[in-house]
Structures are given as structure tokens and as C-alpha cells.
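Novice: One predicted model, sequence on top.
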Amino acid sequence: MKKRVRWWIGGLLFASTVINYLDRQTLSVLAPYLKADFHWSNRDFALVVISFRLAYAVGQTVSGRLIDKGGVRRGLTVAVTGYSLVAMLTPLATGLRSFCAFRFLLGAGEAANWPAATKAVGEWFPRRERGWAVALFDSGSSVGAAIAVVLVPWLYRAFGGWRPAFIAVGALGFVWMFAWRRFYHAPEDHPGLSAEELRLILDDRAAESLSAPEAGATGGAISGLRLFGFRQTWGAILARGLTDPVWYMITDWFAIYLVTRGFRLEDTVAGFWLPFLGADLGNFFGGGLSSALISRGWPVGRARRAVFVGSAVGVLALIPAAYMSALAPLVACFAVATFSYAAMSTMALSLPADLFENRAVASVAGMAGTAAGLGAIGSTYAIGIVADRFSFTPILMVASVVPLLAALVVVILVRNTDASGRGVVKVV
């Protein structure tokens, strides 16, 4: 019998996120080569990215609803199987349209990861540990992106082309699937969970439910229309809708940005990797700091807001990055921005589990993910146009200040649901 099974669950969610980002970042890392091979403009590349984002945006809400109904175990099984297969079939693409089609299918499958992981954290972790747990699984995005920077170019060079890279990375999902199906169950049904750990989880869940400001019946998934009636829902939606596009701008365009600044991609591997390391550290900083504040007696909502607002200021580091001509200070500015973004992201991802009872968590997380995807679609299209006609400078200016608007929204809408700040919204 393993001790602290919940952290093994967190490790599985982390691994899922790593593989999820490896699959999607394969395209971004290979973008300079693909643009040259297929004679794509920045606008053409933006269309490929938007194809992914469109399916990903819609899929967040759809998958969130399905996971609230069918459960995390089944939902991630179907999703990872689907997107891993699509990733391995991407080498069949022959041009812009077929690439767009494969990326659309990949986005549809990958959309389930964040609603499922958020719901799993809500099921398995006490509130004081959720910041750490969210930081753990969300850090997989930066770790996956960082690994892709090293692994994908190596695969490209070792096998003499881009197609083997997609196949090799896609196959990792099936390896993960074996561990997932063998080990993941809900806490009440897990055969390896000790009575002590189960009691810890269920006692916290009961305390959370009792402190809810409204009485409500338990049951199945809750109607999305009812969820829209709560300001907490809008706070969670806008927190991600305004901040995630900043991350997508960096992950999708950083390689192209470095090339436009005169750097050879082969010479910038270490620099390319640093912003993703910064994001990884930022995840744990945000989760650790908020958990420490809660342990010191801060209300949950106040702790999350404090970290969110403070981190928004750090994203302003993108402004000087636009004017740096040397690689080291340019990358350092991006690393500060990604560190700060990741701390914000950990708080934004924690909000659905903090604010809502378990049967609504994946639905709210999915709505927030859809908002993030729609924001990313609009920003990606704009980036393609602005980068072709002007430069990346105005793009970085806008990206640096939008998180401040998100911080204002969180301060206004994500208020404590009861006097202690520990209650959750129970939807009647």
C-alpha cells in the first residue's frame, strides 16, 4: 500500500500535462523548418495554430461537461488515446489545409486535460494543498515545452526530417495510458488508499460543503446556464481568458521571434529553454506561496488574489524584452515574464476547485478553458498580421499589460463566498 496516494495521482496528472505539451509544442519548435519547407507566411502559420485553438476552445467546455458526468478516469483515457493517435498520424499532412485538419483534431483531444486535472485535484486534495497540486500538474506545461525544445530538434536531426518527431512524441501517450488505467480511481474506490488518507480527503470535502453559503442538493453535473449566474464563474472565466493568451503567444511564437531578431535556432537552445524553466519555477512559487498564506490563516480567496495580483506586475518584463538586442538579457526578460505568468496561472486554475462544489468543477474549468482558447484564437490571428506588417514589438507591449486587467477582474469578481473565505458555491 502506497502512502500519500494523492501525490502519486498528482504525479500522473503532471505526466499527462508534460505529454500534452510535448505533442502540441512539436509544431511550434519545428515551425521555422515547416515554414521554409511549405513556404508559409506568419499568417499561414497563424491559421495552423488557430485550427488547434478553435477545437481546443470549444473542446474545453464540452469535455468539462462530459468529465463531470463520466468521471476523470474515463475522460482522460478517451482524450489521451485520441490525441496521441492524431499526433502520430500528423506526418500524413502534405500542406496547409491538411496541417490545419490534424491540428484541429489534436486540439479537440487535448482540451480535456485541464478540466480533468482540475476536477481530480478537487477530488483528491484538501484545500490547503490544492495550490501545490495545481502547481504540480500545471508545471507539466512548461516542463513539456522545455523538453520539446531539446528533444524535437534532436529527433529532426537524427532522423533527417520532421515526420519522425511527430510519431515518436505521439507514442508517449500510450505509455502513459498503461499507468493511468492501472492506478487511477476515485478516492472512495481506490484499492491502495489508506483509511487515514481517505478520512483526510473526505473530512475536508465535508467541511468545504458545510461552509457553503447556499444549501443545495447533490447529484449529477450542473447546467452551464445556471453556472453563468454566479460572479465567481465569470471571475474564473476571465482570469484565464485574459492571461492564457500571453502564454500561448510565447509558446507558439518564441522560436519565430528569435529568428526574426537574427538568432539561429540551433544556437539558442539554452536560451529557448530558460523561459520554460522560469514558468516551471513560477508554478511552484505561486502554489507554494498561496498554500503558505492559507496555512497562516489567510482566507483562501484572499491568498489566491494576493498572489495573482502581485504576479501580474512581473509580466511587464516583456516590455524591455522588445528592445533587447543581446540574447541573454532578452531571454532573461522572457523568463521573468513566464515565471510571473505561471504563478498567475496556478491561481487561475485553482479557482474552480476553490469556488465550486465538486460536481461543477470540471464544467467551470472547461468554460474558463474555452475563454482562454477564444482569447488565444483572436490574439494568434492578430499576431500573424501584426508580425507580417510591422514587428513583434507592439505584440509584446499589449501582452505585458493585459494581465493587469485580469488582476483587476479577479479582485472585483473572485470574492470570498462566506465570512471565513472557505466556502464553496453550491448550486441549488
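Specialist: In hand now; what should we look at?

Novice: Please count neighbours and contacts with C-alpha atoms only from this point.
Specialist: Fine.

Novice: Does the helix or strand hosting Val169 pack against any helices or strands, and if so which?
Specialist: Using DSSP states H and E, the element containing Val169 is helix 163-183. In this structure, helix 163-183 makes packing contacts with helix 5-38, helix 72-89, helix 127-159, judged by 3 or more CA pairs under 8 Å, 6 or more residues apart in numbering; DSSP states H and E.

Novice: What residues of the very next helix or strand once past the shortest one count as buried?
Specialist: Going back to what we said before, that points to helix 72-89. Using DSSP H and E, the helix or strand that follows helix 72-89 in sequence is helix 96-110. Using 16 or more other CA atoms under 10 Å as the burial criterion, the residues of helix 96-110 that qualify are 99-100, 102-110.

Novice: right, and Ile9 touches Tyr184 too?
Specialist: Yes - using CA atoms under 8 Å, Ile9 is in contact with Tyr184, at 6.9 Å.

Novice: quick one: contacts for Arg181?
Specialist: 73, 77 (CA atoms under 8 Å, 6 or more residues apart in numbering).

Novice: From Val80, how far out is Phe99?
Specialist: Using CA to CA, to the nearest Å, one obtains 20 Å as the distance from Phe99 to Val80.

Novice: among the helices and strands packed on helix 163-183, which is the most enclosed?
Specialist: Burial of those is given as mean neighbour count (mean count of other CA atoms under 10 Å); helix 127-159 ranks first at a mean of 23.

Novice: With distance to Asp189 added, can I get the buried residues of helix 96-110 in CSV?
Specialist: Converted to CSV, the buried residues of helix 96-110 look like this (distance: CA to CA, whole Å):
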residue, distance to Asp189
Phe99, 42
Cys100, 41
Phe102, 37
Arg103, 36
Phe104, 35
Leu105, 33
Leu106, 31
Gly107, 31
Ala108, 29
Gly109, 27
Glu110, 26
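
Novice: can you state the direction angle for the helix holding Val169 and helix 127-159?
Specialist: With axes from the mean of the first three to the mean of the last three CA atoms, to 10 degrees defining the directions, helix 163-183 sits at 150 degrees from helix 127-159.

Novice: And helix 163-183, what's buried?
Specialist: 163-167, 169-174, 176-177, 180, 183.

Novice: Among those, which one lies nearest to Gly297?
Specialist: Phe183 (34.4 Å; CA to CA).

Novice: Quick check: the closest one vs Ser194, distance?
Specialist: Applying CA to CA to Phe183 and Ser194 gives a distance of 15 Å.

Novice: wait, Phe38 sits on Ser98?
Specialist: No - using CA under 8 Å, Phe38 is not in contact with Ser98; the gap is 11.9 Å.

Novice: residue ranges with poor pLDDT in this protein?
Specialist: Counting by pLDDT under 70, the chain contains low-confidence residues at 1-3, 205-224, 265-270, 415-428.

Novice: If we use 50, what do you get?
Specialist: Scanning the chain for pLDDT under 50 picks out the ranges 1, 210-219, 417-422, 426-428.

Novice: neighbours around Asp252, how many?
Specialist: Per other CA atoms under 10 Å, the neighbour tally for Asp252 reads 20.

Novice: so which of the helices and strands packed on helix 163-183 comes closest to Phe230?
Specialist: Minimum separation from Phe230 across those (CA to CA) falls at helix 127-159, 20.9 Å.

Novice: From Ala342, how far off is the residue nearest to Asp280 when sequence neighbours are not counted?
Specialist: Nearest-residue entry for Asp280: Ser139, 5.0 Å, with adjacent residues in sequence omitted and distances by CA to CA, 6 or more residues apart in numbering. Noted for Ser139: a distance of 8 Å to Ala342, by CA to CA.

Novice: and if you look at Gln60?
Specialist: 20 Å.

Novice: wait, isn't Gly314 in contact with Val336?
Specialist: Yes - contact criterion CA under 8 Å: Gly314 and Val336 qualify, at 6.5 Å.

Novice: how much space is there between the residue of the chain positioned farthest from its centre and Arg130?
Specialist: Relative to the centre of the chain, the most outlying C-alpha is that of Ala195, 32.4 Å out, by CA atoms, centre = their mean. Ala195 sits 20 Å away from Arg130, going by CA to CA.

Novice: same thing with Arg24?
Specialist: In terms of CA to CA, Arg24 sits 26 Å off from Arg130.

Novice: got it, and Trp180?
Specialist: 21 Å.

Novice: Thank you kindly, that will do.
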